[in-house]
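1. For reference, the sequence and a predicted model appear below.
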Amino acid sequence: MRSHYTDGVKIELPPPQSRTLSRLLKSGAFASTLDVLAAGLRLLDKAPSRSQANLAQLHKAVAAGAKQVQARRITPLDSALAARIKQRGRAVLRG
């Protein structure tokens, strides 16, 4: 564990998180350890609403797919289609 101090409070972090904190501070993206912690807490506060939004989007996509199946608007899965789907998925994961 490595120690960091902010506003008189000692924070002990495992080496990977300590390196991340140091990198963020050195980059100038954050002015202080407290700023990094505040940003992390803001992200954690938003996480449940993000998850709910992602889940709602997934439900809509599944419902749309189910309607297409019911209307028999489907494409048989062959190796070419599977390759295109994989390619799009990989592109999404790369960002």
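-> Perfect, I can see it now.
2. mind listing the strands for the protein?
-> Assigned by DSSP state E, the chain shows strands spanning 2-6, 9-13.
3. Next, format those as TSV and append mean neighbour count and mean pLDDT.
-> In short, each C-beta sits where N, CA and C put it, glycine included. Shown next, in TSV, are those (neighbours: other C-beta atoms under 10 Å; pLDDT from 0 to 100):
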stretch	mean neighbour count	mean pLDDT
strand 2-6	12	73
strand 9-13	12	86
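4. in terms of contact, does Leu25 touch Ala39 like I think?
-> No: taking contacts as C-beta atoms under 8 Å, Leu25 lies outside contact range of Ala39: 11.9 Å.
5. Please identify which of the strands of the chain is closest to Leu55.
-> Closest of those to Leu55 is strand 9-13, at 31.4 Å (criterion: C-beta to C-beta).
6. Contacts for the closest one next, please.
-> By C-beta atoms under 8 Å, 6 or more residues apart in numbering, the list of residues contacting strand 9-13 from outside reads 1-5, 21, 33, 37.
7. so how far is it from its chain's centroid?
-> Offset of strand 9-13 from its chain centre (C-alpha atoms, centre = their mean, to the nearest Å): 26 Å.
8. what inclination does that strand have with respect to strand 2-6?
-> Put simply, strand 9-13 runs at 150 degrees to strand 2-6, going by axes from the mean of the first three to the mean of the last three C-alpha atoms, to 10 degrees.
9. What pairs with strand 9-13, parallel or antiparallel?
-> Strands adjacent to strand 9-13 in the sheet, as given by DSSP bridges, are strand 2-6 (antiparallel).
10. Put the alpha carbons of the partner strand into PDB.
-> Taking C-alpha atoms only, strand 2-6 is exported to PDB below (Å, rounded to 0.1, in the frame of the first residue of the first chain):
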ATOM      1  CA  ARG A   2       1.200   3.500  -0.700                       C
ATOM      2  CA  SER A   3       0.100   6.500   1.200                       C
ATOM      3  CA  HIS A   4      -1.300   9.700  -0.200                       C
ATOM      4  CA  TYR A   5      -2.300  12.800   1.800                       C
ATOM      5  CA  THR A   6      -5.100  15.200   1.100                       C
END
